[in-house]
Every structure is written in C-alpha cells, then in structure tokens.
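Engineer: I would like to see how this sequence folds:
(one chain, ligands or ions: 1)
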Amino acid sequence: MDPAAAPRPARPLDALLDLLLPGRCAGCGSDGGQLCTRCRAALETAPGHPVRPDPPPPGLPPVYAATEYAGPVRGLLLAHKERGALRLADPLGRALATAVHAAAADGLTGRAPIPLLLVPVPSARRAVRARGHDPVHRLARVAARELRRAGVPGRAAAVLRPVRPVADQAGLGAADRRRNLAGALAVRPGAAAGLRHRQVVLVDDLVTTGATLAEAARALGAVGAQVPVAATVAATARRTGGTGRPDRNRTDRTRTDRNHPDRNRTGHARRDHARPR
Ligand SMILES: [Zn+2]
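Structural biologist: Predicted coordinates for the structure are as follows:
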C-alpha cells in the first residue's frame, strides 16, 4: 500500500470550532480546547504497530493498533464514546486509519486493488441507545474516508450485529470472556454478499484480551468471509505485578510487539467501557 497514507493535518473547520468553542482538552484537561495541540500531535504521530494479547484467543487475526490505551488517548476515546464528543471522531478516526494502513501493509495479500471493507465491532443495542451513536462505526467511517484520500479504496460497513446480550466482561478471565461472547455476534441478514471481493479489516476502538475481535472474526467466518487482519485505535498493555509469581491476571493482558514486549505497560481499571474488549 501507498506509504503516503499517513494521518492528515486537522481540518481547518476543527481548528475554527476549537477557537469558537473553547473548553478543556478531553485528553489532558488543559485549556487548549476539546483537543489541545499536544494531544492532537500525539494522536497524529502514533504509528500503527502489531499487538498481541497474551495469550491470544483462538481465531484472533493479527491486530494492529495506533497507540497505547493510556494517558490522553484513554481520555479522548472515553469522551468520544461515552460523552458524545463527536468532533473527536476525526482525529481518532485518522489514528485508526494509520492502524488499518499498517495492518494492510503487513497483513493483506496481493497487490490487486481489492477495496478494503472496514467492519466495525458493533456495540450492544442498549449502549447505542444510551450514547445516541455507535462510536466505533463512526470511527470506521472516518478511517475509510482518510484511507480513500490516501489512495486506498474502501469503505466502512456495519455488517455485524449483536444477536444476544452478553454479561459485563469486567473481572472475567480470558477463558470466561470467550465463553461469555461465544455466538454473541452475527452477520446481518443480506450483508454477506457485500463481503465478497473485499479485503475485510475488523476495526474497534480498543483491544484488551482480543476476545471480542475473535468473536467478530468467527461471525464473519461463519458466512465464508476471511478476516486477515484487525485494527484498533488503542491497545491496553497490562502489568501483572513485579513479583515474578504467576498472577491470575496473566491471562488478561495485551502485549505490544513494537521495540520491546514489555514497553509501556499500564494497569488501568477496566470498567471504562460497557463492552470490555
Ligand atoms: Zn490535551
């Protein structure tokens, strides 16, 4: 793929709105508007890189993330998802585009210009109603637009849907998460045909254990669609404690493979999301 598919500078309209509607930065709390210059720069320079939950759930495709789920990025994702800060969809979607681009460069086959189909992991219906929007679908549309601008053909399509409620995943280990999610997603009726002759890239805002992405890949595979790669804005990286002893949380962490496997691990609580990944 064209290496020029890098993040683009912010749209002038965004800058204008920030001037007209000043506020605190959702990333760092400074007075620099909804997204301060520094946090914007941190997002826009985030390179897509491979990440791997440890252990990976069965069926998880290779995953690429733009950045760590830490610091300003955590605040920005939460503000967009839970507080309806919709203008953050543009910078977050551009970050997602860099992850998709890295995934496409490494993980997709052939040089033929097969259009990408970004398939967002769906939120629970109740969460969409409560939030008033589907945050991951919104990010997927922005990412697809950015990729098209960079010459990578493709679009986003919400072909997956939840088919049953799942229990809150917080506090569940990796195996329990897999059981909780098994069969929870399905391809929408009539949507399977739209998956043909497309390079499917599963997209989500966050990867934690990979259980949700694995379930989404299973649902797509059930209608014959291959999912060679997945991409997210951010990946959690969990520290398991420094005792050297086995830790019950060992089954619930994501490892970043760039540079050093232990870089930048954090230990954030995982109750940020109604749908832990
Ligand atoms: Zn900031």
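
Engineer: mind jotting down where the helices sit in the stretch 1-150 of the chain?
Structural biologist: Counting by DSSP state H, counting those that start in this stretch, the stretch 1-150 of the chain has helices at residues 12-20, 37-44, 71-82, 89-107, 125-131, 135-149.

Engineer: got the angle for the third one vs helix 37-44?
Structural biologist: Taking axes from the mean of the first three to the mean of the last three CA atoms, to 10 degrees, one finds helix 71-82 and helix 37-44 inclined to each other by 80 degrees.

Engineer: likewise for the longest one?
Structural biologist: When the same axes, to 10 degrees is applied, the directions of helix 89-107 and helix 37-44 differ by 30 degrees.

Engineer: buried set for helix 89-107?
Structural biologist: For helix 89-107, burial by neighbour count (16 or more other CB atoms under 10 Å) applies to 89-105, 107. For every residue, glycine as well, the C-beta is placed using N, CA and C.

Engineer: and for the shortest one?
Structural biologist: Of the residues in helix 125-131, those buried by neighbour count under the rule 16+ other CB under 10 Å are 127, 131.

Engineer: cool, and the last one?
Structural biologist: Within helix 135-149, the residues that qualify as buried by neighbour count (16+ other CB under 10 Å) are 135-148.

Engineer: what does that helix rub up against?
Structural biologist: 5, 7-8, 80-81, 86, 89-90, 92-94, 96-97, 100-101, 116, 118-123, 153-156, 158, 203-205, 231, 233 (CB atoms under 8 Å, 6 or more residues apart in numbering).

Engineer: nearest to residue 169, of the buried residues of helix 135-149?
Structural biologist: Of all these, residue 136 has the smallest distance to residue 169: 16.0 Å, by CB to CB.

Engineer: by mean pLDDT, show me the worst of the helices of the stretch 1-150 of the chain.
Structural biologist: In terms of mean pLDDT, the lowest-scoring of the helices of the stretch 1-150 of the chain is helix 12-20 (a mean of 49).

Engineer: surely residue 201 touches residue 101?
Structural biologist: No: the pair residue 201 / residue 101 is not scored as a contact, 10.0 Å apart, by CB atoms under 8 Å.

Engineer: residues in the stretch 1-150 of the chain within reach of the ion, list them.
Structural biologist: Applying CB under 5 Å from the ion, one finds that the stretch 1-150 of the chain approaches the ion through 25, 27-28, 36, 39.

Engineer: which positions in stretch 72-81 come out as buried?
Structural biologist: The neighbour-count check on stretch 72-81 (16+ other CB under 10 Å) flags 72-81 as buried.

Engineer: what would the residues of the stretch 1-150 of the chain next to the ion look like in JSON lines with neighbour count?
Structural biologist: Listed next are these as JSON lines, based on neighbours: other CB atoms under 10 Å:
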{"residue": "25", "neighbour count": "22"}
{"residue": "27", "neighbour count": "26"}
{"residue": "28", "neighbour count": "16"}
{"residue": "36", "neighbour count": "20"}
{"residue": "39", "neighbour count": "25"}
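
Engineer: of these, which is the nearest to residue 213?
Structural biologist: For these, the nearest to residue 213 is residue 27 (24.7 Å; CB to CB).

Engineer: quick one: that closest one and residue 76 touch, right?
Structural biologist: Yes: Residue 27 lies in contact with residue 76 (CB under 8 Å); the separation is 4.7 Å.

Engineer: give me the common contacts of those two.
Structural biologist: By CB under 8 Å, 6+ apart, the residues touching both residue 27 and residue 76 are 35, 39.

Engineer: how about the contacts made by residue 39?
Structural biologist: Going by CB under 8 Å, 6+ apart, residue 39 touches 25-28, 32, 72, 76.

Engineer: which residues are contacting stretch 124-133?
Structural biologist: 81-82, 84, 86, 123, 134, 162, 165-166, 274-275.

Engineer: mind picking the lowest-pLDDT entry from those residues?
Structural biologist: The member of the contacts of stretch 124-133 with the lowest pLDDT is residue 274, at 42.

Engineer: out of the buried residues of stretch 72-81, which one sits closest to the ion?
Structural biologist: Minimum distance to the ion across the buried residues of stretch 72-81 is 5.4 Å, recorded for residue 72 (CB to the ion).
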